[in-house]
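Engineer: test case, fold it:
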Amino acid sequence: MFDSLEDLSARLSATGYFIDPVMTQVVFLGAKLKKPLLLEGPAGSGKTQLAVSVAQAAGTHVERLQCYKGVTAKEAVGEFDGNLQRLYMEFSKVEKRSWQELAENLKGRDFFRPGPLMRALECERPCVLLVDELDKVDEGFEALLLEILSAWQLSIPEFGTVEARSIPFVVLTSNEERHLGDPIRRRSLYVRVEHPTPQREAEIIASRTPATDAAFHREMAGIALSFRNYSLEKPPSVSEMIDFANALQLLGTDHVTPELRDVLLPFLAKTEKDRRHLLLREGFKSLLDDGARFAQQLAIPGGIET
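Structural biologist: Sure thing, here's the model as predicted:
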């Protein structure tokens, strides 16, 4: 997917996704060695965006399997298209085909509607296969992935084994709602993903709000750190901080004041408990004060220990 480490670094930077040099090397090695990346860390820390950015950098697309409690193998691998099978049976009546021929054809690949796992294997050129929030499914479903991650193939009982036309770059993400099994971990390159450092977050916000100045970028990064230190149920993600910064621009201001609290709360408070905390008389203001202090420290090289 990438000719060199420098090629990957340049292409990722062009997408606006900022990662440290070590992480860039891990992504490069994962792509070269055909090893999945297992990204584990808090929600909103940029795990999913890494997969999207790698796809953009490689000039390919993402096949995404969004995991949730109750997701089935049919949704992941695929299933037979019943409507198409019925149409074929009606057509076969006119053509007077034998039952044996009909049965064989009905269970063929032409009537199978592939899910994201199978589509990823059947791509003519490598795509990015994103298995998002794997921690939301049980170990039984997790085991479904082992064949594709080990042998780059899928066994479909009705018509045999589907082997990869190209090997996808696989990204598995987990928000740690449960502990993932050892078989998945052994097959993957494990990466712990945290929220970016304030310095890095200021860079990210600068790339998404180019019309604003460095003081604004530091203020946004300082507020993000302040809110994440406040033990909220849902600390703001990087993408939410970008939305927050864009909202301020639309309001015609480059500075957050306590008077803006109510209109800005929907960007930062995502549960009723968090909203109540931020509505306390001094709650929002004290967080802004902390954010301003962090922003001042950011203006000094090495000013915030991370």
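Engineer: and Ser150, helix, strand or coil?
Structural biologist: Put simply, Ser150 is helix when judged by DSSP: H, G, I helix; E, B strand; the rest coil.
Engineer: mind listing what the spatially closest residue to it that is not a sequence neighbour touches?
Structural biologist: Ranked by CB to CB, 6 or more residues apart in numbering and with sequence neighbours excluded, the top spatial neighbour of Ser150 is Arg187, at 6.3 Å. Heads up, the C-betas are built off the backbone N, CA and C, glycines and all. Taking CB atoms under 8 Å, 6 or more residues apart in numbering, we find Arg187 in contact with Lys35, Pro36, Leu146, Leu149, Ser150.
Engineer: need the buried ones from those residues selected in ChimeraX.
Structural biologist: Buried subset of those, written as a ChimeraX selection, criterion 16 or more other CB atoms under 10 Å:
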select :35,36,149
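Engineer: need the max-distance pair from the contacts of Arg187.
Structural biologist: Lys35 and Leu146 (14.0 Å; CB to CB).
Engineer: where does pLDDT dip in the stretch 101-250 of the chain?
Structural biologist: 101-106, 108 (pLDDT under 70).
Engineer: what ranges do the helices span in it?
Structural biologist: 116-122, 139-151, 182-186, 198-208, 214-228, 238-250 (DSSP state H, counting those that start in this stretch).
Engineer: out of the ones you listed, which gets nearest to Gly291?
Structural biologist: helix 214-228 (3.7 Å).
Engineer: where do the strands sit along the protein?
Structural biologist: 37-40, 62-66, 78-80, 112-114, 128-132, 153-156, 160-163, 169-174, 189-192 (DSSP state E).
Engineer: which one of the ones you listed lies nearest to Ala211?
Structural biologist: strand 62-66 (29.5 Å).
Engineer: spit out the contact partners of Lys34.
Structural biologist: Applying CB under 8 Å, 6+ apart, the residues near Lys34 are Trp152, Ile167.
Engineer: from Gly252, how far off is the residue nearest to Arg293 when sequence neighbours are not counted?
Structural biologist: Taking CB to CB, 6+ apart, and ignoring the residues beside it in sequence, Arg293 has Gly222 as its nearest neighbour in space, at 7.3 Å. Note on Gly222: its distance to Gly252, by CB to CB, to the nearest Å, is 21 Å.
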